[in-house]
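Chemist: the sequence and its predicted three-dimensional model are supplied below.
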Amino acid sequence: MTWMMSLPRAMKRGISVVSDAIFLLTALWLAGWLSGTLSLSAVLPEHSLGLITWLVVSLVVFYLLGLYRAILRYMAPQAVATVINGVTVSTVALAVLCWFLPLDDILRLTLCFAVIAVLLIGGSRWGFRSALQLKKQKTKSRVLIYGAGCSGRQLLYALQSGDEYKPVVFVDDNTELQKTTVCGLTVLPSELLEKAVERYRIDRVLLAMPSAGRGRKRELLELLSRLPVPVQSIPGMADLVAGHMKIDDLQDIRIEDLLGREVIEPDQHLLQANIKHKVVMVTGAGGSIGSELCRQIVRCKPAVLILFDVSEFALYSIERELNAVKRRFGYACVIKPVLGSVQQQKLLEQVMTNFQVNTVYHAAAYKHVPLVEYNMVEGVRNNVFGTWACAEAAIAAKVEHFVLISTDKAVRPTNVMGASKRMAELVLQGLASRQNTTRMCMVRFGNVLGSSGSVVPLFAQQIKAGGPVTLTHKEITRFFMTIPEASQLVIQAGAMAKGGEVFVLDMGEPVRIYDLAKRMIHLAGLKLKDKANPGGDIEIQITGLRPGEKLYEELLIGNNETKTEHSRIRAAQEQCLSWPATMLLLNSLDVACQSFDQQMLRQILLDAPTGFAPSSEICDLLFVSSLGNATVKKELVH
C-alpha cells in the first residue's frame, strides 16, 4: 500500500481506470451468472464491439463525473453519490446493449449488475481509504476533547481528516449530553476526567470552549492541570469569527487563561475622550506597554499618532505593524515615527509644538529592576529627568493631557527603579500644582503578562528546554494583568484626570509565582521534580532574591483611596511636594548624576518622600568597580 501511495498521480489514475474496467466486467459476469440470463462466453465473439463500447462509455462517464479526480485517502461521503450516479449511467447503457442480445429478463440482469458494480467500485475505494486510515490511526495521538458543544464537534471533524490526532472521547459539564454519544464518541462527565485519561490512554487534552469567560477557563485549567498529559486549547471565538485562525489551530495554554479574570468592556466615551480626532503622542512607543497603547489608540481613530522612541528597531517595528493595521481596517490616522531620547527637552517641545499634540502618554522608562540597580545614574536620568523634560515640553507646547505610566514598584520601593518612578510621580504632582495649562496624572499598576522581562515567557522557555525553572524565592508574589487590559485602563484613567491624580488599577488577587510555575509545568504534560517526586521531569530551583527585589508588591502607599466612575480604577490621595521643594530635590539629583556620585544619589532618594528602603548595598557596576580599583591601589601602596 505504501508503494502505491508513492506512485505518480497519472499512474494512480491509470490503475483506477483499469481496476474499474475489471470491476465492471466482473459485475456483468456475476450478474449474468446469478440471474442465469447471460453468458459472456456465448455473446463475446459476436457482440465484443458492443461490450467494448459499453465499457468505454461507462469509464468516460466515471471520468466526467470526477471519480478519478478524487484522492482516495481524502474521499468524502459525497463520493458515494458519484459512484451510484456513474453505475446508474453504466446500467442504462448496458440495458441498451441488451436489446441486441438474446435475453429473456433484461431487468433482472441490470438490477443485479447495478448492485454488484456499486459494491465492487465503491467498496474497493472505501476499503482502500479505510485501510489507510487504520494505518494512520496507529500513529495518531489519542486526544480527549473537553467540550462536546458546537466547537467540540467542529474540532472533531477537523481532527478526523488530519494526520496528527485521533479523538476518542468527549468530556462535558452539560448533564444533558453526559452518557450520550456525540458524533460517535461517548460524552463523559468531568468527574470521570482522570479515569478517562487512563482508560482511553489519552496523550493530550484539547479544550474546546472558545466562548468561555476567563473565570470559567481558569477553573477548567485548575482541573486540567492535575492531569499527566499536555493541555491545549482551540483559538478564541474572536479569532475564529474574524477568520484569523481555524478551529484546529491548536494553541498552548495562554498564561492569561491561568491568571486572567473576566474582562470588563471598556467605556467607549472614556476610551475616546482624549484620542478621537486628536493628535496623540506615545513615548517609549516601541516598548511592551507603549506598543500596546499605540494599538489601542489607533482603534480610537486619532487624527495623528506620533511614535517616539530611542530604539530605531523598536520604532520601525511598531510603525510597520500599525500601518498594516491601518490598511487592513481602513483607519485614516497619520502615523509619524520620531527617533529621540525623552531627556531631550528641546526636541520634545519642538515635536509637540509642530504637530500640535493634544495628549501625551509617557511610557518611556527603564523598568528592569536589577539592570537599574547596576546602572543607577542612567536609571534616574531616564526615569526622573526624562519624565521632567517630557512634562515641561508638554506644558510649553500647551498639550491638554499628560499621562505618566507608573508602577506598583513605586510604592515603598526597595530598589532604585521603584524609587525613581516614585520621584517621577512627585515631579508630575509638583508640575500639576504649578500650572493649569496641561492636566497631568499618573496611572500605577503591576506586572503585565508578556512584557519584556516578564517571568512568564522565561518560565515557558525554561520548560521547553527541559528545565530547570528558576525562581528567586518560593514565597514571592506578584500582581498580573494582560497588556491590552492595562492599556485600555490607562487610557480611560487619563480621561478622568482633573490634575495631579494618582490612579491605581485594580490588579485582582496577587499570584504566588511558585504556584504559577507548577501549573505551567503540569499543563505542559510534565511532572514537577522535587523531594516528594525525585523522578519528575522539571525542577524548580530557588536562586535567591536579586538586588532590589521585593517579596510582594503594593499598589497604595496609604489607605486614602477613592472610587472613580470605572469599577477597576481608583484614585489615591498621597503625599506630594510643592514645586519649589521638588526643584531642590531635582537640582540635588542632577548634581549627583553629573558627578556619578552613587552614594550621594542613594542618600537623596532616601531623604526624599519616596519611602525608599533599599534591600541591598549599592550594586551599581561603576561604583563597585571603583571600590575594587581603590582596594587594589591601597594594597599596592602598602
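Modeler: Structure received.
Chemist: and residue 268, how many neighbours?
Modeler: Using other Cβ atoms under 10 Å, residue 268 has 11 other residues around it. Just so you know, the C-beta spots here come from the backbone N, C-alpha and C atoms, and that holds for glycine as well.
Chemist: quick check: it vs residue 446, distance?
Modeler: Plainly put, residue 268 is 26 Å away from residue 446 if you go by Cβ to Cβ, to the nearest Å.
Chemist: before we move on, what about residue 481?
Modeler: The gap separating residue 481 from residue 446 is 7 Å, by Cβ to Cβ.
Chemist: again, but for residue 594
Modeler: From residue 594 to residue 446 the distance is 33 Å (Cβ to Cβ).
Chemist: of these two, who's got more company?
Modeler: residue 446 (22 against 10).
Chemist: which residue sits closest to that one in space, ignoring its chain neighbours?
Modeler: Spatial nearest neighbour of residue 446, excluding adjacent residues (Cβ to Cβ, 6 or more residues apart in numbering): residue 479 at 3.3 Å.
Chemist: list the contacts for the one you found?
Modeler: 408, 445-447, 507-508, 510-511, 553, 555 (Cβ atoms under 8 Å, 6 or more residues apart in numbering).
Chemist: ok, residue 309 next?
Modeler: 283-287, 290, 315, 318, 337-340, 364.
Chemist: for it, which residues count as its bridge partners?
Modeler: residue 339 (DSSP bridges).
Chemist: gap between residue 370 and residue 50?
Modeler: 91 Å.
Chemist: buried ones in stretch 164-179, by neighbour count?
Modeler: Across stretch 164-179, burial judged by 16 or more other Cβ atoms under 10 Å covers 165-172, 177-178.
Chemist: and for stretch 511-531?
Modeler: 511, 513-514, 516-526, 528-529.
Chemist: what about it, distance to the chain center?
Modeler: Counting by Cα atoms, centre = their mean, to the nearest Å, stretch 511-531 is centred 20 Å from the centre of its parent chain.
Chemist: which among the contacts of residue 309 end up buried?
Modeler: Buried members of these, scored by 16+ other Cβ under 10 Å, are 283-287, 290, 315, 318, 337-338, 340, 364.
Chemist: how about TSV for those, with distance to residue 600 and pLDDT added?
Modeler: What follows is the buried ones among the contacts of residue 309, written out as TSV (distance: Cβ to Cβ, whole Å; pLDDT from 0 to 100):
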residue	distance to residue 600	pLDDT
283	28	97
284	28	95
285	34	95
286	33	94
287	30	91
290	32	92
315	35	97
318	38	96
337	38	97
338	34	97
340	29	96
364	25	95
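Chemist: which one of those sits closest to residue 431?
Modeler: Each of the buried ones among the contacts of residue 309 was checked against residue 431 using Cβ to Cβ; the closest is residue 283, at 15.8 Å.
Chemist: quick check: the closest one touching residue 359?
Modeler: No: shown here, residue 283 and residue 359 do not form a contact pair, counting by Cβ atoms under 8 Å, at 11.8 Å.
Chemist: what residues are up against the nearest residue to residue 281 once chain neighbours are set aside?
Modeler: Nearest residue to residue 281, sequence neighbours excluded (Cβ to Cβ, 6+ apart): residue 306, at 4.1 Å. Contacts for residue 306 (Cβ under 8 Å, 6+ apart) come out as 279-282, 336, 338, 351, 355, 357.
Chemist: how about the strands in the stretch 101-250 of the chain?
Modeler: Ranges of strands within the stretch 101-250 of the chain are 141-146, 165-171, 181-182, 185-188, 204-207, 231-233, based on DSSP state E, counting those that start in this stretch.
Chemist: show me what the fifth one is packed against.
Modeler: Put plainly, it is strand 204-207. Applying 3 or more Cβ pairs under 8 Å, 6 or more residues apart in numbering; DSSP states H and E, we find strand 204-207 packed against strand 141-146, helix 214-224, strand 231-233.
Chemist: lovely, talk soon.
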